[in-house]
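Asks: Got a sequence here, can you build the structure:
(3 chains, ligands or ions: 1)
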Amino acid sequence: MTSHPLLAKLNTAQREAVSLPIGPAQIMAGPGSGKTRVLTHRIAWLVQEMDVARNRILAVTFTNKAAGEMRQRALELLESQDQDGPGFEWRRPMAIGTFHSICARILRVEYEQTPYERNWVIVDADDQKSVIKEILASRAASNDNEFAVLADISRAKDRGLTASEFAAQASSVLDVRLAPIYADYEKVLRANNALDFDDLLMHALRLFRGNQDVLDRYRARWPHILVDEFQDTNGTQYELVKLLAAYPDSLQSLFVVGDEDQSIYAFRGANRRNLARLRRDFPSLRTVVLEENYRSTQQILDVANSLIQHNRGRTHKELFTGNPDGQQVVLVDAAGGDSEADWIARSTASLLNDGAFGHEDIAVMYRTHALSRALEEAFLNHRIAYRLIGAVRFYDRAEIKDALAFLRFLVNPLDALSLARIINKPARGIGAKTLARLIECRDQWGLSISDALTVACRGPEAVAHMAPDAWERHPSPFTGRALRSLQVFESLTAEWRERLYTEDLTIDAGLFLADVLESSGYRARLVASGEQDEHRLENLDELVGLASEFEPESDAEELALNPVELFLEHVSLISAADERDDDEPKITLMTLHNAKGLEYPVVYIPGVDEDLLPHFRARDTGDREDIEEERRLLYVGITRAERLLFLTRADQRFVSGRTMRYRESRFLNEIDPGLLIRETWPQWRAVGQGSSLGGRQADAYRVRPSRHDWSSIEANPGPTAAAPARSQFKAGMNVRHRIFGSGKVIGSKLLADGDEEVTVAFRQHGLKTVLNSIAGLEPA
DNA sequence: CAGGCGACTGTTTTT
DNA sequence: CAGTCGCCTG
Ligand SMILES: Nc1ncnc2c1ncn2[C@@H]1O[C@H](COP(=O)(O)OP(=O)(O)OP(=O)(O)O)[C@@H](O)[C@H]1O
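Replies: Here you go, the predicted model:
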């Protein structure tokens, strides 16, 4: 093959994939084999070698962050190659995003062909949950689990069924039971002009199916489609791809990459068999297999191979690499969750002190967020900076959601869910009763919630489209205090909307938000409540800053949305994995799900215990598929590691208020024992000491984590012998912690070894219990 | 209607 | 443990 510069840094199979002729293609390959890299190069190849205009390309990634990175790399590839492109049209951006963000964009533009009004909003999981809860309560079905109901509705939507279509085909007892609940749910969301995540996909698909001209336009717009992580597409996503790529006379320029062994989102409808389905739907599909792994050492790959071969019904693959040999994979058997975390922190500290690895090289990946707690404490004790992905997201915080709810309601006058959230913040005497009456008015008067509010406050002439007899049938129920409270709020919203649509396209979303927070009294309430809410104010300030700085994608003009509307859309679609990296060096803590597609030189996977991984919920169903998905999850985690991999487990952990005992995961038994080095921690545990001693006591033992050379530097001097024998801290004292900053002592306990356990309410970090010897608290 | 307190319960993973 | 619910009081 004559070598094109774009192909220079690819192996033979990768080159073949990148330079395939236009037509349906599927790249099937194991982890670390360069799938994402191939996809990115393919984009550049299409533009450069196939003369495809950039804006004729649609590329789908799994997260927004991955989309950003892919765009960046593709542009770099193109820039380094062609200096002077053929002109403006060629330079228009390619569409790269997640299925959800692409569908949102389409529905935003084409809203007239959908059941929604302009300025529809996306509801988050909390809103979904509260809607379902209310519905279940109203149907005396409160003991139904709202998560299960939502999952069932989600499944219905993945089949493309609206509530009435679902009801029409329901035959099983469960479906018949679900149908009216789904109907109510759909009704509430529509009444609020709101879509959930599944609606974004389903309504995009329905839009295409129901409007040939719209479909034709998008087919013409994106003749070239590329999809990353295809093994985790769901039914609707598959149909969307098929609809856009396969039609008479289409180029069928579809390029997907995936790995059935890395499918880990079945719980939300993903179907790894979509890879095989493609072969049936596109008979001329070319398949390229990439075999060589560029990420990991053979030691790590051997462990991965050894594990995944226990899954049935998969195409056998044997991962191999030409990378240099590395360390054996280590399995640590810890006494408890605390000592497990402590081991990880010590090991991390050693690696960092050695200088062989930096913070950004190291990640910890666990099955559930609950495991992060013990780890956080251990890292704090060892003064190792960490970044937590996805646990309490910035955009999930109460004050952030409140602030956004103000904006949402102003943008979407039908949004009663957001109104309910903020109408009484700060407290202005509008309680549940008043709100319920207002919603009743909305329904009786046939108005938006916003207009209903206006009519209630200023009478029926205040809005344009009120049915003539509606007021007589249902006069306003508000009088006295409730009415005055509503009027105050109504005039505020009127002023805000006035400003919003006067400045409109020129508005600064951040300044506007700041104004709303100020004039609503929301900010003042937080200021008044003092220290404990200081961090909330900081968060709000940050949000204001983010809103001001936010720059929509360059093709946003076609939407004709103002900056507030664009910002709302952006934050609704942002995900855990997208959170901004700050520049400080920190190690990363995240779930195995969030680790998909990433790679780190050093990976720790704690909690490799039966009932955690595989999780007991997966075991409970007794479904082999569920266990296999758990196995894939561990497989994904293992294959993130480039050079060092540590699996750890613990005999017992403190979970939801009590100590639970654990056995090691069945997955550990499946891995060839010759591939793992086993260690015990604390080491003395093996010689007869009870394992009931927690990690805190273990701190006293200055045992090194292992015999490997990279652990030779002691990171933590451990508790000092000079700890005072008398309590130094009393409740009410102000103290200062090197990491947590200032706080107030809540309580303190003197320990047998003379050390002191102090509970402090930190201003920034909340309540923590620290050991004086380690924390080095100073009176402040 | 606001806010506090005690009882109770229990997401595994997320766009 | 920690978030949520409902009851109680002011
Ligand atoms: N031909 C190559 N030469 C050198 N490095 C390569 C080559 N191909 C891929 N790599 C590197 O291997 C690593 C894995 O690549 P990439 O992330 O594209 O793999 P992947 O198959 O998408 O992985 P996964 O499925 O695990 O997410 C990256 O660091 C990439 O730069």
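
Asks: Which stretches in the stretch 351-500 of chain A count as strands?
Replies: A:362-366, A:386-388 (DSSP state E, counting those that start in this stretch).

Asks: so which of the ones you listed comes closest to DNA strand C?
Replies: strand A:386-388 (13.6 Å; Cβ to the nearest atom of the strand). For every residue, glycine as well, the C-beta is placed using N, CA and C.

Asks: ok, residues contacting that closest one?
Replies: A:372, A:375-376, A:379, A:581-582, A:586-590 (Cβ atoms under 8 Å, 6 or more residues apart in numbering).

Asks: nearest to residue A:349, of these?
Replies: residue A:379 (9.1 Å; Cβ to Cβ).

Asks: Next to DNA strand C, which bits of chain A? Give me the list.
Replies: A:133, A:373, A:656-657 (Cβ under 7 Å from any atom of the strand).

Asks: related to what we said a few turns ago, neighbour count and pLDDT for the contacts of strand A:386-388 - can I get that in TSV?
Replies: Below are the contacts of strand A:386-388 laid out as TSV (neighbours: other Cβ atoms under 10 Å; pLDDT from 0 to 100):
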residue	neighbour count	pLDDT
A:372	22	90
A:375	27	92
A:376	17	90
A:379	25	92
A:581	11	67
A:582	8	71
A:586	17	91
A:587	26	93
A:588	21	93
A:589	25	93
A:590	22	93
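
Asks: just curious, which of these is nearest to residue A:221?
Replies: Using Cβ to Cβ, those come closest to residue A:221 at residue A:581, 32.8 Å.

Asks: Contact partners for residue A:418?
Replies: For residue A:418, counting by Cβ under 8 Å, 6+ apart, the contacting residues are A:121, A:404-406, A:408-409, A:412.

Asks: what's the most distant pair in those?
Replies: Going by Cβ to Cβ, the pair spanning those furthest: A:121 and A:406, at 12.5 Å.

Asks: ok, those two, which is more surrounded?
Replies: More neighbours surround residue A:121 than the other of residue A:121 and residue A:406, with 26 against 23 (other Cβ atoms under 10 Å).

Asks: Mind checking which of the contacts of residue A:418 are buried?
Replies: Buried members of those, counted by 16 or more other Cβ atoms under 10 Å: A:121, A:404-406, A:408-409, A:412.

Asks: and which of the residues you listed is nearest DNA strand C?
Replies: Distances from DNA strand C to the buried ones among the contacts of residue A:418, taken by Cβ to the nearest atom of the strand, are shortest for residue A:405, at 15.6 Å.

Asks: Contacts (any at all) between DNA strand B and whichever strand or helix holds residue A:237?
Replies: According to DSSP states H and E, residue A:237 maps onto helix A:235-245. No. Helix A:235-245 stays clear of DNA strand B (Cβ under 7 Å from any atom of the strand), getting no nearer than 9.5 Å.

Asks: what are the pairing partners of whichever helix or strand comes after that helix, and which direction each?
Replies: Heading C-terminal from helix A:235-245, the first helix or strand you meet, by DSSP H and E, is strand A:253-258. Strands adjacent to strand A:253-258 in the sheet, as given by DSSP bridges, are strand A:25-29 (parallel), strand A:224-227 (parallel).

Asks: Any residues of chain A in contact with the ligand? List them.
Replies: A:9-11, A:14, A:29, A:31-37, A:259, A:262, A:294-295, A:597, A:599, A:639 (Cβ under 6 Å from any ligand atom).

Asks: Out of the residues you listed, name the ones that lie in strands.
Replies: residue A:29 (DSSP state E).

Asks: out of the residues of chain A next to the ligand, which are buried?
Replies: Looks like those have A:10-11, A:14, A:29, A:31-37, A:259, A:262, A:294-295, A:597, A:599, A:639 buried, using 16+ other Cβ under 10 Å.

Asks: mind listing what's buried in stretch A:299-310?
Replies: A:299-308, A:310.
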